[in-house]
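**Q** quick one, structure for this:
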Amino acid sequence: MHDRDSTLDEAALKEAIRQAGRELGFAAVGVARAEVGDAAGELRAWLAAGCHGEMDYMARHAELRADPQRLHPGTVTVISAAVDYLPAVKTADAAGQAAISRYALGRDYHKVVRHRLQKLADAIGTLAGPFGYRVFSDSAPVMEVHFAEQAGLGWRGKHTLLLSQQGSWRFLGEIYCDLPLAPDAPVEAHCGTCTACLDVCPTRAITAPYRVDARRCISYLTIELHGAIPEEFRPLIGNRIYGCDDCQLCCPWNRFASLGAPEFSPRHGLDAARLVDLFAWTESEFNERLAGNPIRRIGHERWLRNIAVALGNAPAAAEILEALRGRADHPSALVREHVGWALARLAATSSAPAPPA
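**A** The predicted structure is shown next:
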């Protein structure tokens, strides 16, 4: 345990840590006690309701989330940091265009944020002397939003993401440490009576303010779910092939968001890619082009599964039908089933009578 000589020393240290964070490109840095309070019970209730779907690791590591000391012994303080990531892209609403969540258009944020956190920890060591710590960037069972909220970086929005007056397009990272720093004060929530995120969700995954049923969420269905996407949700997925940003795009506070670092700028034209072109990628092309990108972790099979659904929701153009038929005999039963669904949907929608003028 470390002893600070005076309150002034502690205040000066915290400001020096914040300044070091700004110099490293963090949008905000705050301090919280390593205590989860009521959040642990809320997590257990959410898990008991089955809202985590197939994300077994959420249940398996629930107690590590609830007790930071178990994850990193000696932890008394959580230094929470935020990184802006919003890229300068337009909404993917052109016919046949793929929609990919903005966080996944550039480099893998895990490595970028962890690298910055390590540099911040090095800077803190220079300022405070040797200390015990461990850095996290969505890489371990950590209650990120809870600690960011307690550290004054924002409040939990009704979509359950961290929200601030600078929006929600931010990655979070933490340093669990043994420095007994005074916690920052949480900020007041400013969602008010707004329900834009609940109203806009295509699959009604936000079942109540501050509660998301992952089993209905497009991000879960296209990223976390390993098997077949339930048919009831397929038409609602639209052209989204990896994640969904709708609950953030509609949020009034995101009018004030800042653009992110160059590392998060789109690569390989993913912000304007056509579904048929992405569907044509071989497994080796998928692995090569998405090296260093978070999308790669879903693998080529689920990539094709997702795009098949999106093609089934697109206008029945000849090249789309040709692309789907070219995968109709794919070795994967998962891919074949979704391609079959897409072809059947296109046949049904293209034969429907035209709506009255």
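
**Q** could you chop the chain up by domain?
**A** Following the assignment in automatic domain parsing, the chain carries domains at 7-92+102-177, 196-256+268-349.

**Q** now do the first one, average pLDDT.
**A** Along domain 7-92+102-177, the predicted local confidence has a mean pLDDT of 94.

**Q** identify the residues contacting the closest residue to residue 347 other than its chain neighbours.
**A** Take residue 347 and drop its neighbours on the chain: the residue closest to it by CB to CB, 6 or more residues apart in numbering is residue 316, 7.8 Å away. Glycine gets a C-beta too; all of them are placed from N, C-alpha and C. Going by CB atoms under 8 Å, 6 or more residues apart in numbering, residue 316 touches 346-347, 349-350.

**Q** and those, which two are furthest apart?
**A** 347 and 349 (7.6 Å; CB to CB).

**Q** just give me the neighbour total for residue 91.
**A** Residues within reach of residue 91, counting by other CB atoms under 10 Å, total 10.

**Q** how about residue 23?
**A** Neighbour number of residue 23 under other CB under 10 Å is 11.

**Q** ok, residues contacting the strand or helix carrying residue 301?
**A** Using DSSP states H and E, residue 301 sits within helix 299-312. Outside helix 299-312, the residues within contact range by CB under 8 Å, 6+ apart are 98-99, 222, 226, 228-229, 234, 237-242, 275-276, 278-279, 281-283, 286-287, 295, 298, 320, 323-324, 327, 330, 332, 334-335, 338-339, 341-343, 345-346.

**Q** does the helix or strand just after that helix pack against any helices or strands, and if so which?
**A** Sequence-wise, the next helix or strand downstream of helix 299-312 (DSSP H and E) is helix 318-326. In this structure, helix 318-326 makes packing contacts with helix 275-279, helix 299-312, helix 333-350, judged by 3 or more CB pairs under 8 Å, 6 or more residues apart in numbering; DSSP states H and E.

**Q** what's the separation between the residue lying closest to residue 172 once chain neighbours are set aside and residue 171?
**A** Leaving out its chain neighbours, the residue that sits closest to residue 172 by CB to CB, 6+ apart is residue 144, at 4.4 Å. According to CB to CB, to the nearest Å, residue 144 and residue 171 sit 9 Å apart.

**Q** who touches both of those two?
**A** Residues touching both residue 144 and residue 171 (CB under 8 Å, 6+ apart) are residue 138.

**Q** so who does the nearest residue to residue 184 once chain neighbours are set aside touch?
**A** Nearest non-adjacent residue to residue 184, counting by CB to CB, 6+ apart: residue 152, 4.0 Å away. Residue 152 sits next to 30, 184-187 when contact means CB under 8 Å, 6+ apart.

**Q** which stretch of helix or strand covers residue 152?
**A** Per DSSP H and E: residue 152 is located in neither a helix nor a strand.

**Q** residue 171 too?
**A** Assigned by DSSP H and E, residue 171 belongs to strand 170-177.

**Q** report all helices and strands that that strand contacts.
**A** Packing partners of strand 170-177 (3+ CB pairs under 8 Å, 6+ apart): strand 77-84, helix 109-128, strand 133-136, helix 144-150.

**Q** including mean neighbour count and distance to residue 48, could the ones you listed go into TSV?
**A** Shown next, in TSV, are the helices and strands packed on strand 170-177 (neighbours: other CB atoms under 10 Å; distance: least, CB to CB, whole Å):
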stretch	mean neighbour count	distance to residue 48
strand 77-84	26	26
helix 109-128	18	29
strand 133-136	21	25
helix 144-150	24	18
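
**Q** closest one to residue 66 among those?
**A** Between residue 66 and those, the shortest gap by CB to CB is with helix 144-150, which sits at 10.4 Å.

**Q** who touches the closest one?
**A** Contacts of helix 144-150 (CB under 8 Å, 6+ apart): 30, 32-33, 36, 39, 78, 80, 82, 138, 154-156, 160-162, 172, 174, 183-184, 186.

**Q** in stretch 299-319, which residues are buried?
**A** 300-314, 316 (16 or more other CB atoms under 10 Å).

**Q** distance between that stretch and the chain's centre?
**A** How far stretch 299-319 lies from its chain's middle: 22 Å, per CA atoms, centre = their mean, to the nearest Å.

**Q** same deal with stretch 112-125?
**A** 21 Å.

**Q** if we can go back for a sec, next, the angle helix 333-350 makes with the helix holding residue 301.
**A** Counting by axes from the mean of the first three to the mean of the last three CA atoms, to 10 degrees, helix 299-312 lies at 10 degrees to helix 333-350.

**Q** give me the angle between helix 299-312 and helix 318-326.
**A** 140 degrees.

**Q** show the buried residues in the contacts of helix 299-312.
**A** Buried among these by 16+ other CB under 10 Å: 98-99, 222, 229, 234, 237-242, 275-276, 278-279, 281, 286, 295, 298, 320, 323-324, 327, 330, 334-335, 338-339, 341-343, 345-346.

**Q** out of the contacts of helix 144-150, list just those in strands.
**A** Within the contacts of helix 144-150, residues falling in strands by DSSP state E are 30, 32-33, 78, 80, 82, 155-156, 162, 172, 174.
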